[in-house]
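In: Structure here, sequence nowhere to be found:
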């Protein structure tokens, strides 16, 4: 039986209100012309805060009308500004995490504001904007739609050229702000502080209007993001149709994986089957998948199966992911809006707010990492108020398996808090340099950037990055200060994927992912075509590929070691110790597996010769003693496998407690670690300086490790499988692993957990190199 649980989410009636009196009547008429007579209560409340000059975050469900809540005051202030007797009038800035969302919002604003004529002049300003159009945007647009990357690299460094726009800036809209988490969110928080500083120099103090998916403590998160007090609105008063939500576990196959473990049918294959069946029935569907490769695979398999039924249907399926060229993305978006496409396999590039109306079903090929993202994706169906279907297809993964067998963890638990740390010195250092390049930093500016700044300024002076003079701190170098960091934490310039023989650019891959995704021999998918990487040139950041059709996919393997740099906090758990602090991680991709398409059967492994990479980051770790091992009946022959299994499962379960993905974090287990001199398990953030996930793990360790033990114990396999203790990214080929030993080890560890730990933390920053 594939379906493990069906949840019926009942319909909800909506509650209307009236727009605040300060909204211009012309704007109210334009909204009515779009078919909306009255706003929902939460829309009117959010608009009221904005009009009173109060920053506000609206955190309600998908399709609840968050866009209109901020567009009503935005359009009203733009209309007032356009009718001012002199000057440019008011301007507004819109920030989206993706180019696709900004393009979609440009369409929405253009349609809604059409009755207002030239009073509203929206324009997108991002990396795809032709250079000849950029000057027009700077001089004439009064509603500019962009992303944090362009704000960081293009607008703030050139703020004198934007002076008339910034001087008149009234509102900054931060859409989908729940996506600004971890290291990316920490960078964006500092970019917004730089924006506030530059605006103040030009004489403006904009109000921030934030929109978020349902999230825990959205006001507190928005305050951390902007550095300003933010009012939160969380009650959703919009109507909703009934949603039938099924949890789906693929069946076991006759295949066997590593160490003879049973193998389930892949979530990719199951999702492709579901997408095929729904398309044949005329059901408009989006299948969300975790990876670019997965999106391409689902699209390809669905097209092949539909062509056997009705060749005309195969052309109505496509993949949508990041890494496409701009013209490819725009064409897919147009086809989706027009209804030409009936089914789409998409990564989170489509999740973020694009208004896709008329969808009947959503398939989630694997848990998306957070409950916030789960409900954001599931909410794409039924957007016009009709009933909808959502299906979560579990991957062969500890967390997915746990969730489809524990529906309360999906449907009864609140969404997570968004984790970000703007004071991370690895994040803060390059933004202080960028701010000094924009205008000399003064003593009065330092408070804006957080409490860690006074300790960092002398370090930047000693490194010759900043020079202190009477007027403040100055940037001293010829190169652009914004080049010190990539705000998405991807590290280095993207690797270009180039077709060998023709020289055609197929797309790009993030530098941080190049070692694992476009190594020599890797299978790379693009627009439904399969390529094999002939050579990865790290020096020139180019991966040369040739078209091929191997009957397998590839998956990279790596090895990792950890050394402790500093222990910030240590809590006794009886004889065991739970610690949090700074570590250095050394990682090297050593080989890759070839797995048969659809079944996932391992066909072979090939070695790779790639350089090691080091990372200074934050980690949580725990140690056990010899007496505890004796109590758990774990001998020297069992210990490595028990630690290794507990490490894998705990990494797989952490996304249930922190807004992270298992690929955002890493781990190492050692029977005798040279720094602790004890058996030790580490779980660390996969970003320089940390991203807040390991710290969240430290503070929720009791619940996190208890859930880990339950997940291992509940799995029906005998000695371990991908659903409990095997990891898809293990550099040791998932060897050794000892399932029963891990259960006994975690049971003994948790037996002496104190009731309420109250750690003492050191807040002194480390000294990072930008």
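Out: Great, that's in hand. Please read these numbers as outputs of a predicted model, since none were measured by experiment.
In: what about the strands in the stretch 151-300 of the chain?
Out: Secondary structure of the stretch 151-300 of the chain by DSSP state E, counting those that start in this stretch: the strands cover 169-174, 207-212, 231-233, 243-248, 252-256, 262-264, 285-289.
In: what pairs with the third one, and is each one parallel or antiparallel?
Out: To tie it back to what came earlier, the one meant is strand 231-233. Each strand paired with strand 231-233, and its direction, by DSSP bridges: strand 56-59 (parallel).
In: what is the orientation angle of the longest helix along the chain with strand 207-212?
Out: Counting by DSSP state H, the longest helix found in the chain is helix 182-201. Helix 182-201 and strand 207-212 are oriented at 160 degrees to each other (axes from the mean of the first three to the mean of the last three CA atoms, to 10 degrees).
In: In helix 182-201, which residues are buried?
Out: When burial is assessed from 16 or more other CB atoms under 10 Å, helix 182-201 yields the following buried residues: 182-199. All C-beta spots, glycine's among them, are computed from the backbone N, C-alpha and C.
In: where's it relative to the chain centroid, distance-wise?
Out: Averaging C-alpha positions (CA atoms, centre = their mean, to the nearest Å) puts helix 182-201 18 Å from its chain's average.
In: Tell me which other helices or strands it touches.
Out: helix 148-150, strand 169-174, helix 218-226, helix 425-438 (3 or more CB pairs under 8 Å, 6 or more residues apart in numbering; DSSP states H and E).
In: and the angle for that helix with strand 169-174?
Out: 180 degrees.
In: ok, then the element right after the one helix or strand in the chain whose mean pLDDT sits lowest?
Out: Every helix and strand in the chain was compared by mean pLDDT, DSSP states H and E; the lowest is helix 348-351, with a mean of 62. Downstream of helix 348-351, the first helix or strand assigned by DSSP states H and E is strand 361-365.
In: any idea how far the residue lying closest to residue 211 once chain neighbours are set aside lies from residue 31?
Out: What sits nearest to residue 211 in space, not counting adjacent residues and going by CB to CB, 6 or more residues apart in numbering, is residue 66, at 4.2 Å. Separation of residue 66 from residue 31 (CB to CB, to the nearest Å): 15 Å.
In: Can you show me the helices along the stretch 551-700 of the chain?
Out: For the stretch 551-700 of the chain, applying DSSP state H, counting those that start in this stretch gives helices covering 626-631, 639-653, 693-699.
In: Please apply the same query to the stretch 1-150 of the chain.
Out: All helices of the stretch 1-150 of the chain, identified by DSSP H, counting those that start in this stretch, fall at 25-33, 41-51, 66-82, 99-112, 131-140, 148-150.
In: Could you point out which of those sits nearest residue 220?
Out: helix 41-51 (16.4 Å; CB to CB).
In: any low-confidence regions in the stretch 51-200 of the chain?
Out: 85-88 (pLDDT under 70).
In: Residue 584 bridge partners, please.
Out: As for beta bridges, residue 584 partners with residue 563, residue 616 under DSSP bridges.
In: thinking again about what came up before, and of the helices of the stretch 551-700 of the chain, who's closest to residue 288?
Out: When the helices of the stretch 551-700 of the chain are compared (using CB to CB), the closest one is helix 639-653, at 19.5 Å.
In: So residue 252 versus residue 742, what's the distance?
Out: 21 Å.
In: Give me the more crowded residue out of the two.
Out: Ranked by neighbour count (other CB atoms under 10 Å), residue 252 and residue 742 place residue 742 first, with 30 against 15.
In: got a list of what the more buried one touches?
Out: Listed by CB atoms under 8 Å, 6 or more residues apart in numbering, the contact set of residue 742 reads 641-643, 645-646, 649, 712, 725.
In: picking that back up, how about the strands of the stretch 151-300 of the chain in TSV, adding distance to residue 419?
Out: Formatted as TSV, these follow (distance: least, CB to CB, whole Å):
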stretch	distance to residue 419
strand 169-174	17
strand 207-212	14
strand 231-233	17
strand 243-248	26
strand 252-256	35
strand 262-264	30
strand 285-289	22
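In: Burial-wise, tell me which of these comes out on top.
Out: Ranked by mean neighbour count, those are led by strand 285-289 with a mean of 28 (mean count of other CB atoms under 10 Å).
In: Neighbouring strands - and their directions - for that one?
Out: Strand 285-289 is paired, per DSSP bridges, with strand 343-346 (parallel), strand 361-365 (parallel).
In: Identify the residues contacting the shortest one?
Out: Spelled out, that is strand 343-346. With CB under 8 Å, 6+ apart, strand 343-346 has contacts from 271-272, 275, 278-279, 284-289, 294-299, 302, 316-321, 332, 336, 350.
In: average pLDDT for it?
Out: The average of the pLDDT scores along strand 343-346 is 92.
In: Return the distance of that strand from the chain's centre.
Out: 19 Å.
In: In TSV, list the helices of the stretch 1-150 of the chain along with distance to residue 653 and mean neighbour count.
Out: Formatted as TSV, those follow (distance: least, CB to CB, whole Å; neighbours: other CB atoms under 10 Å):
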stretch	distance to residue 653	mean neighbour count
helix 25-33	45	17
helix 41-51	34	23
helix 66-82	31	24
helix 99-112	31	20
helix 131-140	46	12
helix 148-150	30	21
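In: coming back round to it: quick check: which of the strands of the stretch 151-300 of the chain is nearest to residue 678?
Out: It's strand 262-264; of those, that one is closest to residue 678 (CB to CB) at 33.8 Å.
In: Quick one, which of the helices and strands packed on helix 182-201 gets closest to residue 594.
Out: Closest of the helices and strands packed on helix 182-201 to residue 594 is helix 148-150, at 35.4 Å (criterion: CB to CB).
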